[in-house]
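Enquirer: Just need the structure, nothing else, for what follows:
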Amino acid sequence: MNKKKDSNPPLPWLNESDTFPSIDHAWGVDTDAPGLLAAGGDLSAKRLIEAYRLGIFPWFSQGQPILWWSTDPRMVLKPSQFKLHRSLRKTLQTFIQTKGCEIRIDHDFLTVIRNCSSSKRSGQRGTWITPEMIQAYFTLHLQGHAHSVETWINGEMVGGLYCVSIGQAIYGESMFSTVSNASKIALSALVSFAKAHEIELIDCQQETEHLTSLGGSAIDRDSFLKSISQAQRLPSPLWLFKTEYWSELNLIQQRLL
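Expert: Down below sits the predicted model:
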């Protein structure tokens, strides 16, 4: 008979000057919040960059303290394993061939993150992208460490995503759509961008059915940390989308046929 755990481990509380505890102390699968590492601290650009370098990310709701996580396993999307399903392939072909349809990078980051914040998601009440998170990631954007990939149709942004980048390590955060498939188009653009720059992995943090359907998979935390450690040391790509990057998806599709 399995013995039920009576309580969760103590959760370290960070003051602004404190460093993160070792990720080995993150709560395990037998706790109420697997991957939870610490609470408190701040959302300064310095703190956020330190967190991402260590494979840690913030995730909390309005009214909660800042919560820091390091999940194991870690959900990632390897561009080489991206699943370009038939319906999405047709959507992309139409998008690419239609005048007035384009991908923009970092054209309007603030609108992207605000739309992500207000998007309704299945099984969730409210949002984890609080006003202080919006301001924190906008500061990262101004410093060149956060980027938006945007889907535009006839001069209107209809979908997009934002991510954090350090060197060639990309950490996906959130997506939104106001028209069908617009966020998938933005994700496809990010995948083709990553392929064009030989970036091997996009962090997705936590496992979802949606990401799994697109080729996402869970890997152990040690493998994830090894990958991002190497990628962070490489020169950052130029965050500009070129139409020729779409050809990278054709290469992926040929291998999946």
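
Enquirer: Pull the contacting residues for Gln51.
Expert: Careful, residue 51 is Ala and not Gln. Counting by CB atoms under 8 Å, 6 or more residues apart in numbering, Ala51 touches Phe20, Phe57, Pro58, Trp68. In this view, the C-beta of every residue, glycine as well, is placed from N, C-alpha and C.

Enquirer: number of nearby residues for the first one?
Expert: Think Phe20. Other residues near Phe20 number 18, with proximity taken as other CB atoms under 10 Å.

Enquirer: Over to the third one?
Expert: Pro58 is surrounded by 20 other residues when neighbours are defined as other CB under 10 Å.

Enquirer: got the contact list for it?
Expert: Contacts for Pro58 were tallied using CB under 8 Å, 6+ apart; they are Leu43, Leu48, Ala51, Ile66, Leu67, Trp68, Trp69, Met133.

Enquirer: Where do the helices of the stretch 151-257 of the chain begin and end?
Expert: Remark: helices assigned in the stretch 151-257 of the chain by DSSP state H, counting those that start in this stretch are 182-196, 209-213, 221-232, 247-256.

Enquirer: for the stretch 1-150 of the chain, same thing?
Expert: Per DSSP H, counting those that start in this stretch, the stretch 1-150 of the chain carries helices over the ranges 45-53, 86-97, 109-118, 131-142.

Enquirer: Determine the angle, from 0 to 180 degrees, between the last one and helix 109-118.
Expert: Pointing back at helix 131-142 there. Taking axes from the mean of the first three to the mean of the last three CA atoms, to 10 degrees, one finds helix 131-142 and helix 109-118 inclined to each other by 150 degrees.

Enquirer: so where is this protein shaky, pLDDT-wise?
Expert: Applying pLDDT under 70 to the chain flags the ranges 1-6, 120-127, 251-257.

Enquirer: what about the residue nearest the centre of it, distance to Cys116?
Expert: Centroid-nearest residue in the chain: Gly172, 1.3 Å away (criterion: CA atoms, centre = their mean). When distance is defined by CB to CB, to the nearest Å, Gly172 is 11 Å away from Cys116.
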